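A.B. asks: My questions are about this predicted structure, shown below with the sequence.
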Amino acid sequence: MVANLERGRLKEFALEKDRVCLLNPDTIAEVAFRRTLEVAVRKEAMNLKGLNKFKLGVALWHGGLPIDVMPAEGFLEVALGEENAAWGIE
């Protein structure tokens with residue numbers, strides 16, 4: 001996902017899958033920004049079959065250059081399953 005912020009406001013966002021830009025990204029995800037960037041992705045848009053976790057990383061870019069990544073090293077692992085207060089395992 002790429003979120004375009006202009007003057008501290010969300011201008012637009014785009015989604016890619018396998019390096020192809022998806023049409024109608026608002027049917028797959030919701031994005032909001034004030035002081036915090038919030039992203040919600042529809043479960044059906046992710047291929048989680050047979051997984052008990054997935055990895056997530058975020059990069060912040062400005063002027064075509066990365067200025068921050070979270071977490072600083074590696075990826076954030078998100079455990080699936082009701083015992084983890086997350087989506088159930090398929």
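C.D. replies: Noted; the coordinates are in hand.
A.B. asks: what residues does the lowest-mean-pLDDT helix or strand in the chain touch?
C.D. replies: Least confident helix or strand, the chain: strand 16-17 with a mean of 76, by mean pLDDT, DSSP states H and E. For strand 16-17, the surrounding residues in contact (Cβ atoms under 8 Å, 6 or more residues apart in numbering) are 1-2, 22. (Each C-beta comes from the backbone N, C-alpha and C, glycine too.)
A.B. asks: contacts for the next helix-or-strand element following that strand?
C.D. replies: Counting by DSSP states H and E, the next helix or strand C-terminal to strand 16-17 is strand 20-21. The contact list for strand 20-21, computed with Cβ under 8 Å, 6+ apart, reads 14-15.
A.B. asks: so where's the protein uncertain?
C.D. replies: The chain contains residues with pLDDT under 70 at 85-86.
A.B. asks: Using the three-state scheme, assign residue 47.
C.D. replies: Following DSSP: H, G, I helix; E, B strand; the rest coil, residue 47 is assigned to coil.
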